[in-house]
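> next come a sequence and a model predicted from it.
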Amino acid sequence: MMKRIPAILVLEDGTYYKGWSFQANQATLTLGEVVFNTGMTGYQEIITDPSYFQQIVTFTYPEIGNTGINSQDIESQTLSIKGLVAKNICKISSSWRQQESLVQYLNRNNIPFIFGIDTRSLTQYLRRLGTMNGCISTKNLDHIYLKQKILEVPRMQGLDLIPYVTTKISYNWDEKSLPSWYLSDRNRVHLSYQLKVLVLDFGVKLNILRRLATLGCEITVIPASTSIHEILSYKPDGILLSNGPGDPSAVNYGIQTAKELLDQGIPIFGICMGHQILNLALEAKTFKLKFGHRGINHPSGLKQRVEITSQNHGFAVDLQSVLTSSVKVTHFNLNDTTVAGTGHSQSPYFSVQYHPESSPGPHDADYLFEHFIEIMKKYKHRTV
């Protein structure tokens, strides 16, 4: 029987919300950037997404946990979030695939959480004032003391968080890593030869690797700090710059590597953080959004062509800096007209701010992986 205990969420400006948690092994206190996600589904994929490293995630959907947790819907082997905020958390979950409840999962991984607060009010507050640091505590409920603790937390702007989430060693990814249900759900492409794709890991989601695998790619995931010499030694047909957490402009080594790759003529596909890194390498600039884009129903497109996309980012590429660079805008976020996709006018480089692997979310942008395949095949034939 889980015991309900008092909990508190405090924001850096002193605003606080009282709620509840369920008894873990010990009282907890966690600090991080408080953000919100508007998706109605996919809570498991969200809490295991490395892009949420150092963040406390607020779910705007009124109840989560209904389908429990399973071992197949994860986006990484570890949890990166610092905490979870919800209106209601379902203790009794119901799904033929579930292996444990959300509460059990959070407690087992020592992730603090709070429920029973008005998440609609919290979300409106963050939209009005902007994303800010905060904390969840069941250990100390003194909001004045906790506000002082929050002030010790560095702001996300200027933080390079990639070393905390990137792989430490290179490894190969193959279809043996894929669950059987996934293979039956997607049409696999059988090529007469395999395309070698290097994934520069800034915090890659597993579903990106799954999509590449089902399209017949030979995949090697490499650390974000890998040198250009080692990258070229793999003789890749294409390079994918993955998603990841933190401020892209602080990832100097990643930007430098991308700049050096531009001289090689190897096809490059950037996703989210990878999109920002690629554009920074192409002399564009990035900036921090007021409250970010985190949800699975963001319209993106250009010239009357719209895709509903899954997004998770707190920074964006500056439009004016793109207009003076060598790339063109291929997609806008149609909610606020920020840059959502770019492509080079002469070279095989393109990127999107959103997540075409759609985990969670719609499949409107899934074609981008096939587009990447076609570009790699074209440039492979040029060099054969």
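Yep, it's here.
> ranges for the helices of the stretch 101-250 of the chain?
Ranges of helices in the stretch 101-250 of the chain, per DSSP state H, counting those that start in this stretch, are 102-108, 119-129, 143-150, 162-165, 180-185, 206-214, 228-233.
> among those helices, which is nearest T257?
Closest approach to T257 among the helices of the stretch 101-250 of the chain is made by helix 228-233 (5.9 Å; C-beta to C-beta). All C-beta spots, glycine's among them, are computed from the backbone N, C-alpha and C.
> buried sites along that closest one?
I231 (16 or more other C-beta atoms under 10 Å).
> in this protein, where's the longest strand?
strand 286-302 (DSSP state E).
> pLDDT on that one, on average?
Across strand 286-302, pLDDT averages out at 96.
> quick one: work out the angle between the next helix or strand after it and strand 286-302.
Per DSSP states H and E, strand 286-302 leads on to strand 305-317 as the next helix or strand towards the C-terminus. Angle, strand 305-317 to strand 286-302, by axes from the mean of the first three to the mean of the last three C-alpha atoms, to 10 degrees: 170 degrees.
> what about the protein, any weak spots by pLDDT?
For the chain, applying pLDDT under 70 flags the ranges 1, 175-193, 381-384.
> quick check: longest helix in it by residues?
helix 367-383 (DSSP state H).
> for that helix, name the packing helices and strands.
strand 195-201, strand 238-241, strand 349-352 (3 or more C-beta pairs under 8 Å, 6 or more residues apart in numbering; DSSP states H and E).
> count of residues packed around E260?
E260: 15 surrounding residues under other C-beta atoms under 10 Å.
> can I get the helix or strand encompassing it in PDB, CA atoms only?
Counting by DSSP H and E, the element that carries E260 is helix 252-262. Extracted in PDB, the C-alpha atoms of helix 252-262 (Å, rounded to 0.1, in the frame of the first residue of the first chain):
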ATOM      1  CA  ASN A 252      31.700  24.300 -29.300                       C
ATOM      2  CA  TYR A 253      33.300  20.900 -30.100                       C
ATOM      3  CA  GLY A 254      30.200  19.700 -31.800                       C
ATOM      4  CA  ILE A 255      29.900  22.900 -33.900                       C
ATOM      5  CA  GLN A 256      33.600  22.700 -34.900                       C
ATOM      6  CA  THR A 257      33.200  19.000 -35.900                       C
ATOM      7  CA  ALA A 258      30.100  19.900 -38.000                       C
ATOM      8  CA  LYS A 259      32.100  22.700 -39.700                       C
ATOM      9  CA  GLU A 260      34.900  20.300 -40.600                       C
ATOM     10  CA  LEU A 261      32.300  17.800 -41.900                       C
ATOM     11  CA  LEU A 262      30.900  20.500 -44.300                       C
END
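> packing partners of it?
So helix 252-262, by 3+ C-beta pairs under 8 Å, 6+ apart, packs with helix 228-233, strand 238-241, strand 268-271, helix 273-281.
> can I get those in TSV including distance to G343?
Shown next, in TSV, are the helices and strands packed on helix 252-262 (distance: least, C-beta to C-beta, whole Å):
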stretch	distance to G343
helix 228-233	22
strand 238-241	14
strand 268-271	10
helix 273-281	10
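> quick check: end-to-end length of stretch 84-95?
22 Å (C-alpha to C-alpha, to the nearest Å).
> kindly report the same for stretch 247-258.
End-to-end distance (C-alpha to C-alpha), stretch 247-258: 16 Å.
> what of stretch 149-167?
Stretch 149-167 end-to-end distance (C-alpha to C-alpha) = 31 Å.
> how far away is I74 from L29?
26 Å (C-beta to C-beta, to the nearest Å).
> L146: neighbour count?
Neighbour count for L146, taken as other C-beta under 10 Å: 25.
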